[in-house]
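Chemist: this one's sequence-less:
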């Protein structure tokens, strides 16, 4: 009797122990692989991650995912621009450049695309296993134990791939990434360098970013009836809620894109000028006008002999005097054209060059006038300022 009772207890203990192990480890059919989840709880999508209040009505806003980068601490981020109402396909109304971790951004992106597919139709499905690998997982391969997590795609930064790590928090990259693990994370796709409306309506045809038919289950169906976690734009809402500031080095890393915005429906015009940039545009534009007017005033004060020498110098350069006003106006229009198309480097180059040229001309004429005044004052005389005749400039 005691042996029978002991055997029954042993069987119950073995069953309980097996059940506990099955919660933490999953072996494949060959018994060669095992997975274990570390880090954040990814089952909180309906109870935690999307439990926030939207700061904006996202119906007129847009997002422009730029690139996936790895910062100095080894953390992978998705860098994105946000645009406000009247953005005209991410061409204006920029709200700034920010970053969000790959885990947060992809989770929000998948929910948004799933929500759009359910509402307006379309094939979009993501493999549940792929989403699980957004978080650090322990993995066994050929009797080697390490940790894996989805991060930025090497070289391009315009996609994602699985990386191996040596620690349970996936902070230290493994020196060898050449494992053929047989894990497919291709269903985790984000359309980089593409202007994505935060809220897609059925009549604007902007259910974009490709046709997805990857198989697998719907990761968010478990929470589709919970009104308190629904958002008009899970992508923009979560990205804005969990955003981090993107400093200068972050923006520099995100600029190394392989294609321009114009090739994917984005902004051909480049990034808009910042508030400080607009201030210096106004200052340098004003100084250019001032130096031009001051130079013309000094030109009128030249003596007749100096005026003749100036005209001769202009003529020797192959420039007709009557074309000078047209050249100045064309130069100013060219700079305005660069400003409108947000070509920052060229704008600052030509604006600075114009200011330097006008300042030099003003100082040159003023120096000649002061030199002549000193000469005439030393002999007690005066000179007659040059008054150009109408016939001479016709």
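Modeler: Ah, there it is. Note that the coordinates shown come from a computational prediction; the quantities given were computed from them, not determined experimentally.
Chemist: quick one: least confident helix or strand in this structure?
Modeler: strand 35-37 (a mean of 41; mean pLDDT, DSSP states H and E).
Chemist: just after it, pick out the following helix or strand.
Modeler: Downstream of strand 35-37, the first helix or strand assigned by DSSP states H and E is strand 62-70.
Chemist: tell me which strands that following strand pairs with, and in which orientation.
Modeler: Looking at strand 62-70 with DSSP bridges, its partner strands are strand 76-83 (antiparallel), strand 196-197 (antiparallel).
Chemist: and the last one, average pLDDT?
Modeler: Okay, so that is strand 196-197. Taken as a whole, strand 196-197 has an average pLDDT of 90.
Chemist: low-confidence ranges, the chain, go.
Modeler: 1-47, 176-181, 202-230, 256-271, 380-394 (pLDDT under 70).
Chemist: same for the top helix by length along it, what does it pack against?
Modeler: As assigned by DSSP state H, the longest helix anywhere in the chain is helix 344-378. Secondary-structure packing of helix 344-378 (3 or more CB pairs under 8 Å, 6 or more residues apart in numbering; DSSP states H and E): helix 275-300, helix 324-340. Every C-beta, even on glycine, is put in place using the N, C-alpha and C of the backbone.
Chemist: as CSV, those with distance to residue 134 and mean neighbour count would be great.
Modeler: Below are those laid out as CSV (distance: least, CB to CB, whole Å; neighbours: other CB atoms under 10 Å):
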stretch, distance to residue 134, mean neighbour count
helix 275-300, 36, 14
helix 324-340, 41, 13
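Chemist: nearest to residue 147, of these?
Modeler: When those are compared by CB to CB, helix 275-300 sits nearest residue 147, at 43.7 Å.
Chemist: tell me the SS of residue 98?
Modeler: Recorded secondary structure, residue 98: strand (DSSP: H, G, I helix; E, B strand; the rest coil).
Chemist: who's in contact with the closest residue to it other than its chain neighbours?
Modeler: Spatial nearest neighbour of residue 98, chain neighbours left out: residue 243 (4.0 Å); criterion: CB to CB, 6 or more residues apart in numbering. Counting by CB atoms under 8 Å, 6 or more residues apart in numbering, residue 243 touches 98, 99, 100.
Chemist: let me know whether the second one touches residue 80 as I believe.
Modeler: To tie it back to what came earlier, the one meant is residue 99. Yes. Assessed by CB atoms under 8 Å, residue 99 is found in contact with residue 80 at 7.3 Å.
Chemist: between these two, who's got more neighbours?
Modeler: residue 99 (29 against 26; other CB atoms under 10 Å).
Chemist: show me what that one is bridged to.
Modeler: Beta-bridge partners of residue 99, as defined by DSSP bridges: residue 79, residue 244.
Chemist: quick one: contacts for it?
Modeler: 69, 77, 78, 79, 80, 243, 244, 245, 246, 250.
Chemist: can you tell me which of these is closest to residue 129?
Modeler: Proximity of these to residue 129 (CB to CB) peaks at residue 78, which lies at 20.9 Å.
Chemist: care to break the chain down by domain?
Modeler: Recorded structural domains for the chain (assignment: automatic domain parsing) are 45-264, 275-393.
Chemist: so of those, which one's packed in deepest?
Modeler: The highest mean neighbour count among those, using mean count of other CB atoms under 10 Å, belongs to domain 45-264: a mean of 17.
Chemist: my guess is residue 240 contacts residue 56, does it?
Modeler: Yes. Counting by CB under 8 Å, residue 56 is a contact partner of residue 240 at 7.4 Å.
Chemist: residues touching the residue nearest to residue 238 when sequence neighbours are not counted, list them.
Modeler: Leaving aside its sequence neighbours, residue 238 sits nearest to residue 108 (CB to CB, 6+ apart; 3.6 Å). By CB under 8 Å, 6+ apart, residue 108 lies in contact with 100, 234, 235, 237, 238, 239.
Chemist: from those residues, which two are the most distant?
Modeler: So for these, where distance means CB to CB, the most widely separated pair is 100 and 234, at 12.7 Å.
Chemist: tell me the secondary structure for residue 150?
Modeler: Under three-state DSSP, the three-state class of residue 150 is strand.
Chemist: 39 is where my numbering starts, stick with that
Modeler: Happy to do that; since the first residue is 39 now, the last one works out to residue 188.
Chemist: quick one: contacts for it?
Modeler: Residue 188 neighbours (CB under 8 Å, 6+ apart): 140, 141, 144, 168, 171, 172, 198, 199, 200, 201, 223, 226.
Chemist: what about it, distance to residue 396?
Modeler: Computed as CB to CB, to the nearest Å, the residue 188 to residue 396 distance reads 56 Å.
Chemist: could you do residue 198 as well?
Modeler: In terms of CB to CB, residue 198 sits 52 Å off from residue 396.
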